[in-house]
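Colleague: below are the sequence and a predicted model; questions follow.
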Amino acid sequence: MLKEFKSFIMSGNVIDFAVAVIMAGAVGLVVNGFVNDIIMPVVGHFAGGVDFANLKVILTEASGVEGADGFVAENAIRWGLWINTLVNLIIVGFVMFMIVKAYNKSKAPVEEAVAGPSQEDLLAEIRDLLKK
């Protein structure tokens, strides 16, 4: 059983999948940083200096001292962070589209098999040769 597990783990598909998951996590962090640290400040600047991460609708104000008994945390709909997430999704989708497009372009074109003579044509040629 241990030998079968080792064979399974060392197969190409599992290794490829593990590499893909690790790369997806790294790409996600890079895209998240790009959106939050570069794109959204620029969008906020052109939107009148708005920081989208802080945009929210407060349903219940926080009350009490944080860490003390009776503390009630703020309850809010943080729609600005949701906008950041949507921009993040669009950028990740575009990056994945470009990666898949480049991969498909790099694959060698599949050459179609050249159709040879049919079986009937070959038999007729053999018959003609035998007649001579």
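Modeller: Okay, I see it. Numbering: from 1, shown residues only.

Colleague: and the helices in this structure?
Modeller: 2-9, 12-34, 40-46, 79-106, 119-131 (DSSP state H).

Colleague: relative to N54, which of these is closest?
Modeller: The closest of the helices of the chain to N54 is helix 79-106. By C-beta to C-beta, the value is 6.1 Å. Heads up, the C-betas are built off the backbone N, CA and C, glycines and all.

Colleague: next, the angle from that closest one to helix 12-34.
Modeller: Between helix 79-106 and helix 12-34, the angle comes out at 140 degrees (axes from the mean of the first three to the mean of the last three C-alpha atoms, to 10 degrees).

Colleague: so where's the protein uncertain?
Modeller: Residues of the chain that meet the criterion pLDDT under 70 lie in 12, 108, 110-113.

Colleague: recalculate using a threshold of 90.
Modeller: 1-21, 23-55, 62-74, 80-123, 131-132 (pLDDT under 90).

Colleague: residue nearest the centroid of it?
Modeller: The chain has M96 as the residue nearest its centroid, 4.9 Å off, counting by C-alpha atoms, centre = their mean.

Colleague: distance of that one from N84?
Modeller: Computed as C-beta to C-beta, to the nearest Å, the M96 to N84 distance reads 19 Å.

Colleague: distance check, E61 against W82.
Modeller: Distance from E61 to W82, counting by C-beta to C-beta: 21 Å.
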